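Visitor: What shape does this take:
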Amino acid sequence: MAHTRFGRKAMHAGKRTCIGCHTRKDPNELLRFNLVGGSLVCVPEGRPRTGRGVSLCPDRQCVRRAIKSRAFARAFRTSNDVFQDLCVDKVLAEALNAYKTRLVEVRGPGGPGHEVLADSLNNMIIRLEQAIKE
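Guide: Reported below is the predicted structural model:
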């Protein structure tokens, strides 16, 4: 466990909460989405995660729950109009595309030394492809 600056032990240091199922997990086990110009954008591992964002498990049930409960609008503190046309397949496809693009960047020139990141990205791609097939 990590220590806070006041000497108390942090129970969930570095954990994020899924907006679909509300479970706490390591950030690399969750998808990260930001709202950019009114569009939902997936931010894969190894990218700067700045600004307000939401974390979501990479499975259909969590995405469906988040959409149905209007969790995206609440988390981004915006009206639900922005997310009217949001559907499970669209969210998963956006995440899969973002992770595949990031994997190509990591494996490109200067790729050696990024094997751990590439493995992590590849694992998430496999999980997303399974979720899309469900």
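Visitor: C-alpha from now on. contacts and neighbour counts both.
Guide: Will do.
Visitor: show me what contacts the nearest residue to residue 55 once chain neighbours are set aside?
Guide: Spatial nearest neighbour of residue 55, chain neighbours left out: residue 32 (4.6 Å); criterion: C-alpha to C-alpha, 6 or more residues apart in numbering. By C-alpha atoms under 8 Å, 6 or more residues apart in numbering, the contact set of residue 32 is 42-44, 53-56.
Visitor: Look up which helix or strand residue 32 falls in, please.
Guide: According to DSSP states H and E, residue 32 maps onto strand 31-36.
Visitor: Show me what counts as buried in the helix or strand that that strand is followed by.
Guide: The element immediately downstream of strand 31-36 (helix or strand, assigned by DSSP H and E) is strand 39-42. If you call a residue buried by 16 or more other C-alpha atoms under 10 Å, then strand 39-42 has these buried ones: 40-42.
Visitor: now do stretch 98-115
Guide: For stretch 98-115, by 16+ other C-alpha under 10 Å, it's 98-100, 102-103, 106.
Visitor: Give me the distance between the two termini of that stretch.
Guide: Using C-alpha to C-alpha, to the nearest Å, one end of stretch 98-115 lies 18 Å from the other.
Visitor: and the worst-scoring helix or strand of the chain on mean pLDDT, what does it pack onto?
Guide: When the helices and strands of the chain are scored by mean pLDDT, DSSP states H and E, strand 39-42 comes last with a mean of 87. Judged by 3 or more C-alpha pairs under 8 Å, 6 or more residues apart in numbering; DSSP states H and E, strand 39-42 is in contact with strand 31-36, helix 88-107.
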